[in-house]
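A.B. asks: Just the structure for this:
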Amino acid sequence: LSIAEAALTSVDVSTYQWLANGDPVVGATNSTFKPTASEIGKKISVLLDYVDNDGVQSSVESSASSWIEFKNDAPSVSQILDEGEAEGTYHEIDAASYFSDIDFDIPDTTEVLNFSANGLPSGYTIDSATGIISGTSTNGDVGFHEVTITGTDLANASVSSTFTLSVTNVNDAPSVSQIM
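C.D. replies: Numbering: from 1, shown residues only. Got it, this is the predicted structure:
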């Protein structure tokens, strides 16, 4: 939101104070104002203290805006670090710790992320609610796996990160078939 400076040509504005439902917004004293999560559901106006051409100090409050509405922001993700393990070892990765969503901080919302994975070794799964990847690799999983984790919010906005999960071979004991 901003003040139409052209409408203020015959006055010298000394202060701006943005208001949410008539209450001062702390720190909002510039000619522009970007509402935050705490202003959702409120009407915004601005109070101007000014001196007119005759040197008279006055104040005027603008008309209130329409209600500030919630706008979903997509989640964000940092690069998930590559992981490595030995075959036959149980392993857990907290993929959710790499994701965030600014909408978690908005009062009265129930924002959650759901997680999915592509490219996991056969012995692995991801918990869609917690983002925990877990499993035990097998000999068939030895190698490099490009794994993509996607976090999706309730408004269906999503973001993904890809990492490499390497499974190293463990020397298995030889096996013997029945001798004839």
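A.B. asks: who's in contact with the strand or helix carrying Ser14?
C.D. replies: Assigned by DSSP states H and E, Ser14 belongs to strand 11-20. With C-beta atoms under 8 Å, 6 or more residues apart in numbering as the test, strand 11-20 has contacts from 1, 3, 24-25, 28-31, 33, 35, 38-39, 42-53, 57, 61, 68. Every residue, glycine included, has its C-beta placed from N, CA and C.
A.B. asks: what's the answer for stretch 94-104, then?
C.D. replies: Residues outside stretch 94-104 that contact it (C-beta under 8 Å, 6+ apart) are 37, 72-80, 109, 111, 113, 115, 117, 126, 130-133, 149, 151, 153, 159, 161.
A.B. asks: Please spell out the ChimeraX selection for the buried subset of the residues you listed.
C.D. replies: A single ChimeraX command selects the buried members of these (16 or more other C-beta atoms under 10 Å):
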select :72,74,75,77,80,111,113,115,117,126,131,132,133,149,151,153,159,161
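A.B. asks: In strands only, show me the contacts of stretch 94-104.
C.D. replies: Members of these lying in strands (criterion: DSSP state E): Ser76, Val77, Phe115, Ala117, Ile126, Ile132, Ile133, Ile149, Gly151, Val159, Ser161.
A.B. asks: quick one: which of these is nearest Val142?
C.D. replies: Ranked by distance to Val142 (C-beta to C-beta), the ones in strands among the contacts of stretch 94-104 are led by Ile133 at 17.8 Å.
A.B. asks: How much space separates the residue nearest to that closest one when sequence neighbours are not counted from Thr148?
C.D. replies: Spatial nearest neighbour of Ile133, excluding adjacent residues (C-beta to C-beta, 6 or more residues apart in numbering): Ile93 at 4.3 Å. Distance of Ile93 to Thr148, given as C-beta to C-beta, to the nearest Å: 13 Å.
A.B. asks: Give me the more crowded residue out of these two.
C.D. replies: Ile93 (24 against 14; other C-beta atoms under 10 Å).
A.B. asks: contacting residues around that one?
C.D. replies: Ile80, Glu83, Ile132, Ile133, Ser134, Leu165.
A.B. asks: now swap in Ser161 and tell me
C.D. replies: Listed by C-beta under 8 Å, 6+ apart, the contact set of Ser161 reads Val77, Ser78, Gln79, Ile80, Tyr98, Thr148, Ile149.
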